[in-house]
Each structure stands twice: as structure tokens, then as C-alpha cells.
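here is a sequence with its predicted model. Questions after.
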Amino acid sequence: MSLKTKLVLASCGPLLILLVVSLISIRTITESSKTIERIFSEDYYRVVACLTMKQAIQEIERSADAYLWESGANKTNIDSDIVKFSRGLKFQQDNISLPGEKELTDQLTASWNNYRKELETFLQMPRNGASLRDFYLRRLLPLSDAVLIAAQQIIDINFKNMVSADGQVRRQADKTNRNVMLLVLVGAVLALIFVVIIGPSILRPISSLTRSVKEIQKGNLDLVVKARSADEIGQLAEAFNEMTSTLRKLRRTSRARLIRSEKATLSALNSLSDAITICNAIGDIELSNETAQLLFDLKAGTTIQSVENDKIRELFERASREMRPVRLKTYDSAIQVFKDGEEHFFLPEAVPILDEERRLIGVTIILADVTRLRRLDEVKSGLISIVSHELKTPLTSIRLAVHVLLNEKLGPLSSKQSELLMAAREDSERLYRIIENLLDIHKLESGDSNIEMVPVSPEQVLLNVTEEMRPAYVDRGISLILDLSGDIPEVLADRLRLEIVFSNLLSNGLKFTSPGGHVKISAKSEEDSVLFTVEDNGSGIPQECVPHIFEKFFRVPGAVRQSTTGLGLAIVKEIVETHGSKIEVSSKPGEGTRFSFKLKAADRFANEMKAV
């Protein structure tokens, strides 16, 4: 017998009982509804009509009494009450349905007609005299009582019928409740029989199959599920056995492929001079090449947290937290180690490994061997420093001599001599600026530059720089726009270095903006920082050149230059980064260029220091 057949047979009994209970409930509700509807549509409204008539006759009696004893009473209210009584009587005459109700209604009608005649006679009699009172007491009042008695008798038989109908509804409901309880009891017995007899035949193989699946989930692919029946559960067990057989084959194949890939990867990593290690998301080291093991003790099976070097641990934590590559950029941040008695430098980088849903599954740590590059950088820096200092002294003498000659203190000059000396002065000044820029960059890179971080007013800095640069802009016919939006807080910066940044950016805009164009410099408060921007509508920068414009001595190919050295933007970048910020650039050829960076507000920095 199939599982489907077992379930169908087991559910037929409760389903049949449910169907019978539903039909009985529907029938009972329908009958009760009809009975209640009849009570309200017939008996109830007749009772209301009789009560209305009683109220009307009582109001007429009060008006007649007032007419008898009060000289100012009128007959207006009596007419409206007569209409009200007649309306109720008409409803009663049209809705007779109970035995004996017609006779009572006829009696009520006759009493009312007699009463109306006597009432009209009463109202037409003179008001002064004992005859009026005698007529009221002997003839009118007894007829009023007869009307009230007849109306009350009709009310009584309708109430009696309502009570009788309510009893019928109650008896029918009690009978239905007993039948439903009996059917529910039978259903419970059948359900119990199903659980005791049929249930185990279904649940036992399912439980066995569930235990087997849990074992397979734990990795026990050698388990074979026993098929105890030929129904759907047995077929499912056979399907699981086929699935585990396929998984065993795939596991053997995948394991062999994984071992080959791991060995090939490790061989490739061991051939590199860089130290490379791969960790999981919690910091357990899973793979390391020989350099990482020998020089940094990054061995498989250990953890990043156990590594002695603080920089490696910090890089791992930052990459895991920020979910982006993190690297130390300067050679001064390189890790110093000794190998075979020789000094080596490694620059660390941590790259997070993310799955398709961008969840962290591991981190790759790369320690690049920058020993040769660091030494070259040291040689370059030393050479720049020496050459700059050695050139600066004779160049100062040349500038002084040219200045003296141009002032004609040693005698008059011919026009040709003046022209040559002017060219010599321009070239010497250009060379002097190059040397100064090289020295500034060297100081910034080496950390020898004294940066004095104090609260500085952005408004004052921008005003000073724009006033200094404005004559040059006027000479070239370029508009220099200063935009200071709202209340701008002070920033924490080195005032002199910040002015150098804006001077270089404005000089850059002046050189690459055509006459009639404009350069806009602005400052705007943003939460806990100030955003500075310098933008122009000049020639712009080709997209392929944008990543290189902050490199030393880089010049945009084909751009119109006016004695540019290629060091101004490099100095800007170094100063901005020294302030803990990052300068950004966006440009489109023919539309202009925009530089921007942010500096922390001085009050926010002060609050952070208090918190610390």
C-alpha cells in the first residue's frame, strides 16, 4: 500500500465527521435564524404597536382630564394621539397570525370605536357643570380601561408566543450540541486509532530516514539508508542512497583536485620573495608560503592574534572590519626584518576575501619585499636634499647678481643686455621655485616638516589667498569667485601650509583656464567637517591622465603650460594627507576640473580629545 493510499484512508473518517458536523451546524443556524426572524418580524412588532396604542390612549386620558379640570386646556394633543392610536390599530389588524388574536383585535377595535364616539360627545359638552364630570367618570373612563385591557391581552399572547419560540430554539440548539459532541467524540476515537495503528507505519520510516540524512549532513557519506517498504518513503530512501553514492565520487574527485590546486598554489607562492598568508574570517591561518613562515612565523594552524607584529594584526582587523583592502603606503611604515644577517623591509597589505553575497570568508595578507625600492627611495631623497641644498647657495648668488645688474647699479644696460638679463632672472626664479618645491616635498615625505595644527578660520585663509592671487587673474581676464556658504567653523590645520595648498590650486586653475573663464573657490560646513573645493571651466584633464596628476613632475601631454614644474599638485597632495585628509579630483576635457578635500572642524577635534 502506498503512502498516499494510507494517508487518504486515514483521513476519510475525520473528513466525513467534519462534513456531517458542518451540515448539521448549517441546518441548525438556518432554522434558528428563521425562528428569530419570525419572532422579530411578527410578534415583536405587534407588541410594539400595542404598546404604542396604550401610550396613545393614556395620553388622551390625560388630555381629557386636563380638559375637565383646567380652563386653559386645548384639544390639539388629543387629535395627534388619536392618529397615533389609529396607526397602531391598523398595523395590528393587518398582521394577525396567532390563534385568538383576531377576536382580541375585534374587541379592541369595537372598544376604540365606542370610546371615540363618547370622546367626541365629551368634548362637545359644556365645561361648567356636574354633568360633564359625571359623563367622564361613568362613560368615558370605563371605555378607556376596556381599550387598555384589550391591548394588554394582545401583548400577552404575543409575549407568550415569543417565549415558546425561544424554547423551541433552545431545544433545537441543545439537540444539535449533543449530536456535534457525539460526532467529535467519534472523530477523536478514529484519530486515536489512526495514530496508534497507522501512524507508526508512516512515522517509523520517516524517522529512520531523518536520522540517516543527519548523518549524511555531518559528512558520513558512507552511510546506506535501508529501504523497508516499496512506498514513496522507500523510493526516497533509494534516491538518497544514489545521491550519497554520487557525492562520494564527487568528494573523492574534488579532494584530489583541491590537493593538486593547493600544492600548485603553494609552489607558486614559495617561488615569490614576498610573504603571503591566507586566513579565515576569524584569523586562523590556513596557508602560508615559506617566506611568511620563516620571517614572520605565520604558520598554518596558528592564528593572526598570536603574531608578535602589531602592524600585521592591525591590518587584519581593519580589513575584516572595513571590508576593503588596507595597505601601508609609505616606506617608513615597512616592517624591518633580518634574513641571513641582511636587513630587509616588507610593506604589508591585507585584502579581504568576500563571497557572492559580500560576506567575509577570509583575508589574504601580503608582505611585499620593498627592500630595493626603499633603498632607492632613500638614495633619491638624499640626492634631492643634497642637490637642492648645493644648488640653492650658488643660485642665490646668481639671482642677486642678476638683480643688481637689472637695477643698473654697475652702469647702464643696452636693450639686448636687459632682455638677456630678464630671461636669466625668469629662469633663475623658475629654478629657485623648483628647488623650494623639491625641498618642501622632501620635508613632507621625511616628516621633517614642522606642522603646527591650530584652529584656523577658513574664511580668513581663503580671503588672504584670493586677494593675493586676484591681480594675476585680472591681468589674464579670468574671474576669481569666492563662495563662503553660511556659518563656517574653524578647522584644525597649519595655516601656512593650507595657504600653500590653495595658492597652488589657484595657480593651476589660472594656468589652464582661458581668458573669459572663471575659477571658483568655496568652503561649506558639512556636519563635523568643512568641505573645500576649487573648480574651473578650463581645458580639463583627459581621463587617462587623472590618476597621475599628483605624481611628481607629471605634466598633461599637449596642455598649454606656463612655466609649470609638475610639483605643485604633488605638494598639495602631501600637505592634505599630512592633515589626515584626502584630496579628490574630477575632470572632463573641455569642461573643467574640480579639486576637493575635507578638514575636521576644530570643535569636533576638541570634543574627541575630551572623550579620550
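On my side now, so go ahead. Numbers count the residues shown, from 1 in each chain.

show me what stretch 131-149 is in contact with.
53-54, 57-58, 60-61, 64-65, 68, 108, 111-112, 114-115, 118-119, 121-122, 125-126 (C-beta atoms under 8 Å, 6 or more residues apart in numbering). To be clear about C-beta, it is placed using only N, CA and C from the backbone, and glycine gets the same treatment.

among the residues you listed, the buried ones, what's the ChimeraX command?
Typed into ChimeraX, the line below selects the buried ones among the contacts of stretch 131-149, using 16 or more other C-beta atoms under 10 Å:
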select :53,54,57,60,61,64,68,108,111,112,115,118,119,122
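
and the helices in the stretch 101-250 of the chain?
101-124, 130-135, 141-193, 199-217, 232-270 (DSSP state H, counting those that start in this stretch).

the stretch 251-400 of the chain too?
290-296, 310-322, 371-406.

tally of neighbours for the residue nearest to residue 514 when sequence neighbours are not counted?
Take residue 514 and drop its neighbours on the chain: the residue closest to it by C-beta to C-beta, 6 or more residues apart in numbering is residue 538, 6.6 Å away. By other C-beta atoms under 10 Å, the residues close to residue 538 number 24.

measure residue 538 to residue 545 for me?
Using C-beta to C-beta, to the nearest Å, residue 538 is found at 14 Å from residue 545.

need the pLDDT of the nearest residue to residue 125 once chain neighbours are set aside.
Take residue 125 and drop its neighbours on the chain: the residue closest to it by C-beta to C-beta, 6+ apart is residue 132, 5.1 Å away. pLDDT for residue 132: 79.

and residue 132, how many residues sit next to it?
15.

before we move on, what about residue 301?
8.

repeat for residue 411
Should you count by other C-beta under 10 Å, residue 411 turns out to have 7 residues around it.

wait, is it part of a helix?
No - assessed with DSSP: H, G, I helix; E, B strand; the rest coil, residue 411 is coil; it does not lie in a helix.

measure it to residue 84 for me?
139 Å.

cool, residue 578 as well?
Applying C-beta to C-beta to residue 578 and residue 84 gives a distance of 102 Å.

I figured residue 154 hits residue 106, correct?
No - between residue 154 and residue 106 there is no contact under C-beta atoms under 8 Å: 11.0 Å.

of the two, who's got more company?
residue 154 (23 against 13).

who's in contact with the lengthiest strand in the chain?
Scanning the chain for the longest strand, with DSSP state E as the assignment, gives strand 342-354. By C-beta under 8 Å, 6+ apart, the list of residues contacting strand 342-354 from outside reads 274-275, 278, 295, 311-312, 315-316, 318-320, 323-328, 331, 333-338, 360-371, 374.

what about residue 541, distance to residue 575?
20 Å.

correction: residue 148
For residue 148 relative to residue 575 (C-beta to C-beta), the value is 111 Å.

okay, the two: which has more neighbours?
Taking other C-beta under 10 Å, residue 148 and residue 575 do not tie; residue 575 has more neighbours (25 against 18).

work out for me the element the closest residue to that one other than its chain neighbours sits within.
Using C-beta to C-beta, 6+ apart and skipping residues adjacent in sequence, the residue nearest residue 575 is residue 497, 4.8 Å away. Taking DSSP states H and E as the definition, one finds residue 497 inside helix 495-511.

and the helix or strand just after that helix, how far out from the chain's middle?
Once helix 495-511 ends, the next helix or strand along the chain (criterion: DSSP H and E) is strand 518-526. Put simply, strand 518-526 sits 32 Å off its chain's centre (C-alpha atoms, centre = their mean, to the nearest Å).

and the angle for the helix or strand following strand 518-526 with helix 495-511?
Next helix or strand after strand 518-526 toward the C-terminus (DSSP H and E): strand 529-536. Strand 529-536 runs at 30 degrees relative to helix 495-511, counting by axes from the mean of the first three to the mean of the last three C-alpha atoms, to 10 degrees.

elements contacting strand 529-536?
With contacts defined as 3 or more C-beta pairs under 8 Å, 6 or more residues apart in numbering; DSSP states H and E, strand 529-536 has these neighbours: helix 495-511, strand 518-526, strand 592-600.

contact partners of that strand?
By C-beta under 8 Å, 6+ apart, the list of residues contacting strand 529-536 reads 458, 488-489, 491, 502, 505-506, 509, 512-513, 517-525, 592-601, 604.

tell me who's in contact with the residue nearest to residue 514.
Applying C-beta under 8 Å, 6+ apart, the residues contacting residue 538 are 509, 512, 513, 514, 517, 519, 592, 593.

quick check: phi and psi at the fifth one.
When quoted as degrees, to the nearest 10, the phi and psi of residue 517 stand at phi -80, psi -170.

got the confidence number for the closest residue to it other than its chain neighbours?
Among residues not flanking residue 517 along the chain, residue 537 sits closest, at 5.0 Å (C-beta to C-beta, 6+ apart). Note on residue 537: pLDDT of 92.

residue 537 reaches residue 516, doesn't it?
No - applying C-beta under 8 Å, one finds residue 537 not in contact with residue 516, separated by 9.5 Å.

neighbour count: these two, which is higher?
residue 537 (19 against 10).

circling back to that earlier point, got the helices of the stretch 101-250 of the chain as TSV, with distance to residue 46 columns?
Formatted as TSV, these follow (distance: least, C-beta to C-beta, whole Å):
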stretch	distance to residue 46
helix 101-124	8
helix 130-135	33
helix 141-193	5
helix 199-217	60
helix 232-270	67
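
got the domain boundaries for the protein?
Using automatic domain parsing, the domain parsing of the chain gives 3-192, 219-270, 272-369, 376-445, 452-611.

if we can go back for a sec, in the contacts of residue 538, find the pair that's most separated.
Greatest spatial distance among these (C-beta to C-beta): 514 and 593, at 13.2 Å.

of these two, who's got more company?
Set residue 514 next to residue 593 and count neighbours by other C-beta under 10 Å: residue 593 wins out with 25 against 13.

now for the domains of the chain, which one comes closest to residue 204?
That would be, of these and by C-beta to C-beta, domain 219-270, which comes in at 8.0 Å.
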